[in-house]
Structure formats: C-alpha cells, structure tokens
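Peer 1: Provided below are the primary sequence and the corresponding predicted coordinates.
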Amino acid sequence: MAVLCLGAAAPASSPVSQLAGRYSEHFLNGMVDGSTYWADNIVEVASIDARHAFVRLSLEFYNGHQCALSGVATAEGRALVYHEPADGVGEGKCHLRLTHDGARLGIDDDGGSCSIYCGARGTLSNISLPWKSKRPISYLTRLKASHEYADALAAWRKTKDAQ
C-alpha cells in the first residue's frame with residue numbers, strides 16, 4: 001500500500017509585506033564643474049492593505065538632477081507595480097516595478113515610461129538600492145500625514161472607484 005502525503009505549500013510572501021520599509025543609499029555625487037557633494041537616494045514602501053502599498057521615491061543624479069515619484073502600487077506576482085492614473089502627469093504612461101532582486105531593491109520603469117518624473121540626467125530604469133539598507137519606517141505617522149500620501153490615496157481611490 002502506497003501512502004501519498006500531500007502538504008499544503010506555504011503561501012508565497014506578499015510583495016507588500018516583503019518590500020515594506022525604508023531603503024537608502026548615501027553616496028558622493030558630482031557636478032559638471034568637478035565639485036562633489038553628498039547625496040541620498042531614498043525609497044519608502046508603506047503597506048496600505050494586503051495587496052497595496054504607498055511608494056515614494058527620491059533619487060539623486062549627477063549635476064543635481066533628481067527623480068521624485070509617489071503613488072499606490074499593487075502586488076503583481078512577486079513585485080509591487082505602480083500604474084500611473086490616466087490623469088496623472090505622464091497621462092497614465094508611467095509603470096514602475098519594485099522587486100527584491102538578490103542583495104538589491106530593484107526599481108524599473110520599463111524602458112523610461114516614468115521619465116517625466118526625472119530631471120535630464122535622472123532615470124527610473126534599472127535602478128537599485130542595497131537590500132541591507134532596509135529599515136522599518138520609524139516616522140510612519142508623519143509619512144501618512146504627508147500631502148504625497150493623501151494625494152496618492154485620493155488618485156488610487158478615484159481609479160479604483162472608476163473600475
């Protein structure tokens with residue numbers, strides 16, 4: 001008599017819970033005149049519910065250029081994906097993906113779809129921050145009181161209600 005043992009597979013970790021936190025990188029940046037300065041790249045991911053998270057990015061690039069974006073991302077497979085609403089700055093063209101990619105937090109906008117949120121030397125294509133920089137967001141109450149959070153939730157609810 002053969003005995004078949006069936007075990008339930010452990011549920012895959014939700015990208016919302018896996019990615020929630022603050023990531024940062026402090027680095028020496030430069031200006032076209034040869035001068036240097038210290039800069040910080042910061043990504044915040046704050047859980048809204050089991051499938052959605054508020055995402056805020058502030059990234060620095062050469063010569064003082066920046067990328068800044070905030071919105072509500074949805075769990076899609078093993079990633080959190082931000083789909084800009086059609087009435088957004090980029091008219092719905094921006095699609096940003098955040099993933100845990102080995103020792104890095106991977107950020108990618110599918111070939112430049114979010115470039116409108118960046119200065120001339122900035123990009124959200126194939127960017128990463130060190131995974132080991134991940135920390136809990138100690139200022140979550142303040143983050144949730146920010147205008148970026150309120151605006152992102154309002155845009156998300158408007159899109160969600162229209163579906």
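Peer 2: Arrived safely.
Peer 1: Look up the closest residue to residue 149, ignoring the ones flanking it.
Peer 2: residue 54 (5.6 Å; Cβ to Cβ, 6 or more residues apart in numbering). Yep, even glycine has a C-beta here, placed from its N, CA and C like the rest.
Peer 1: Now the one you found: which helix or strand?
Peer 2: If you go by DSSP states H and E, residue 54 is part of strand 52-60.
Peer 1: buried set for that strand?
Peer 2: Buried positions in strand 52-60, judged by neighbour count with 16 or more other Cβ atoms under 10 Å: 52-57, 59-60.
Peer 1: Return the member of these nearest to residue 78.
Peer 2: Closest approach between the buried residues of strand 52-60 and residue 78, by Cβ to Cβ: residue 53, at 13.7 Å.
Peer 1: Please name the bridge partners of that closest one.
Peer 2: residue 47, residue 73 (DSSP bridges).
Peer 1: do the same with residue 83
Peer 2: With DSSP bridges as the rule, residue 83 is bridged to residue 95.
Peer 1: quick one: it and residue 97 touch, right?
Peer 2: No - Residue 83 lies out of contact with residue 97 (Cβ atoms under 8 Å); the separation is 10.1 Å.
Peer 1: re earlier: distance check, the residue nearest to residue 149 against residue 75.
Peer 2: 13 Å (Cβ to Cβ, to the nearest Å).
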